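Novice: Below are the sequence and a predicted model for it; my questions follow.
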Amino acid sequence: MKNHTILLLLSLSFLLVSYFAQAQDSLVNGQTTNPWKVKTGGEVRVQYFHYDHREWVKGDSQDFLLTRFLLNGKLTYNNKHSLFVELQSGLANGLKEPTSPVEENILDLHQAYLSSTLLKTDNSQLELKLGRQELSYGSQRLISVREGPNNRHSFDAAKIKFSKENFSIDAFAGTYVQAKKGFFNDPFLDDSQTIWSLYAVQKAIPIIHNADLYYIGIHRDKEAFDRNFHKTNKHMLGLRIWKDEGAFQYDFEAVGQMGKTDEEKDIQGSTVSANLSYQWQDAPMKPTVGIKAQYISGDRDSTDNKLNTFDPVYPKGAYFGLNSELGPRNLTNYHLYTSIQASKKLSLSLEYMQFWRSSIQDGIYAVSNQVIVPASQIEASSIGSQWQFIPEYQINDKLYIRSDLTYFTTGAFLKEAGRRNYFSASGTIQYKF
């Protein structure tokens with residue numbers, strides 16, 4: 001019954017969009033302007049993946065296809081108030097069962113929200129957004145739309161944002177939409193994962209250029225820590241300093257995390273990161289070189305009353321590359337990269353990464369925050385190294401193709417755990433309309 005109600009509401013929303021689109025001419029009735037505007041769009045993305053020794057497991061070779069469909073409609077009144085509805089379908093073919101809802105969720109309501117401009121002057125604006133929506137902040141290290149995997153994620157949330165010239169601040173509170181495989185069965189207002197935040201951005205600052213200052217709170221009913229699970233309540237304070245224009249660009253970020261588990265264990269985690277790059281903008285093919293480095297804490301002692309594993313909240317899906325298995329927990333790594341613009345439409349990138357466990361008392365995790373390889377009393381810290389080659393071709397403003405070739409060489413930790421080097425190749429074609 002609940003699923004039927006969701007489907008009915010969704011259908012009514014799209015019928016309203018269709019009705020106003022068809023009635024647009026009749027609404028004018030001699031007026032010079034029409035306050036109602038309709039916009040529809042969507043996306044089709046197909047990805048092919050090949051893995052040899054997926055998750056470093058010997059003999060686990062896979063070939064599979066992931067397909068994503070997005071269809072949306074937006075109805076706007078007087079350029080101030082709007083209704084946005086979006087469906088998402090993610091299909092998986094060839095994957096070993098059981099597939100995850102991140103890989104396969106046949107059809108569901110991805111977004112459905114009302115947006116309203118409450119106040120607008122020449123240089124300031126106050127906006128409210130209420131309903132199921134995507135959220136994205138800063139570098140997307142903590143809160144992102146999760147573009148890489150087959151299904152993007154969303155939140156049932158209320159968000160209010162004030163902006164004035166080079167300053168903006170917004171606050172939101174809501175619940176994470178826990179995807180389930182099937183038809184229109186993703187629950188509404190599921191309080192097993194709740195999140196709230198206050199995020200401020202100031203641009204055009206002398207010397208440092210731009211800065212983000214933010215607070216994030218999150219509750220999880222069940223969270224994985226190496227071999228254990230806990231109910232957690234956490235609070236985060238973060239600072240980001242960044243510059244994304246000109247030949248020399250940078251992005252520095254530091255986050256402290258604290259909280260409690262249901263067993264009264266103290267949570268004390270942290271992460272710091274740096275990303276610097278330089279582009280020769282007037283040279284042929286505009287070559288770029290860059291270096292990233294980051295520390296993400298892991299649990300330092302599995303026998304004490306503290307948990308030091310940093311929770312990356314809801315990070316971007318392809319965190320270390322589209323084909324990478326690693327997620328941002330208990331890691332120290334550096335990342336060298338270079339790219340060229342081979343033609344107006346073709347870019348080529350080459351990347352090298354080296355990974356270590358920040359703590360040998362903790363395992364390594366996937367982007368989903370699930371443990372891939374537990375610590376298992378292995379004292380080695382080296383996880384391994386990864387090469388990536390990525391050609392991308394933007395055919396036009398709607399059609400895009402890319403390939404990702406990844407080779408991961410296992411370090412001492414994975415070797416002692418009985419894991420193997422892996423190779424992965426993928427191809428993506430994406431069409432937006």
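Specialist: Ah, there it is. Treat the numbers as computed from the prediction; the structure is a model and nothing was measured. Numbering: from 1, shown residues only.
Novice: Starting from the helix or strand of the chain with the lowest mean pLDDT, tell me the next helix or strand along the chain.
Specialist: When the helices and strands of the chain are scored by mean pLDDT, DSSP states H and E, helix 24-28 comes last with a mean of 47. Sequence-wise, the next helix or strand downstream of helix 24-28 (DSSP states H and E) is strand 36-52.
Novice: Need the CA coordinates for that next one. CSV is fine.
Specialist: Output of strand 36-52 as CSV, limited to C-alpha atoms (Å, rounded to 0.1, in the frame of the first residue of the first chain):
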residue,chain,number,x,y,z
TRP,A,36,4.5,29.3,-15.4
LYS,A,37,7.6,27.6,-16.9
VAL,A,38,8.2,23.9,-17.6
LYS,A,39,11.5,22.2,-18.1
THR,A,40,12.2,18.4,-18.6
GLY,A,41,15.4,16.6,-18.9
GLY,A,42,17.3,13.4,-18.1
GLU,A,43,20.3,11.2,-18.7
VAL,A,44,21.2,7.8,-20.0
ARG,A,45,24.5,6.3,-18.9
VAL,A,46,26.0,2.9,-19.8
GLN,A,47,29.2,1.5,-18.2
TYR,A,48,31.0,-1.7,-19.0
PHE,A,49,33.5,-3.1,-16.4
HIS,A,50,36.1,-5.8,-16.5
TYR,A,51,38.0,-6.9,-13.4
ASP,A,52,40.7,-9.5,-12.8
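Novice: for the chain, what are the low-confidence residue spans?
Specialist: The model of the chain has pLDDT under 70 over residues 1-32.
Novice: residues touching Y250, list them.
Specialist: By C-beta atoms under 8 Å, 6 or more residues apart in numbering, the contact set of Y250 is I241, W242, K243, A274, N275, L276, S277. For every residue, glycine as well, the C-beta is placed using N, CA and C.
Novice: Next up, the contacts around the fourth one.
Specialist: Remark: with contacts taken as C-beta under 8 Å, 6+ apart, A274 is in contact with Y250, D251, F252, K292, A293, Q294.
Novice: List the buried residues in the host helix or strand of F84.
Specialist: Assessed by DSSP H and E, F84 sits inside strand 81-93. Within strand 81-93, the residues scored as buried using 16 or more other C-beta atoms under 10 Å are S82, L83, F84, V85, E86, L87, Q88, S89, G90, L91, A92.
Novice: Same check on stretch 212-220?
Specialist: D212, Y214, I216, I218, H219, R220.
Novice: Secondary structure added to those, as TSV?
Specialist: Compiled in TSV, the buried residues of stretch 212-220 are given as follows (DSSP: H, G, I helix; E, B strand; the rest coil):
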residue	secondary structure
D212	strand
Y214	strand
I216	strand
I218	strand
H219	strand
R220	strand
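Novice: need the helices for the protein, in chain order.
Specialist: 2-22, 24-28, 412-416 (DSSP state H).
Novice: ok, and what's touching the last one?
Specialist: Here helix 412-416 makes contact (C-beta under 8 Å, 6+ apart) with W56, R357, I364, V373, I378, A380, S381, S382, I383, G384.
Novice: Lovely, talk soon.
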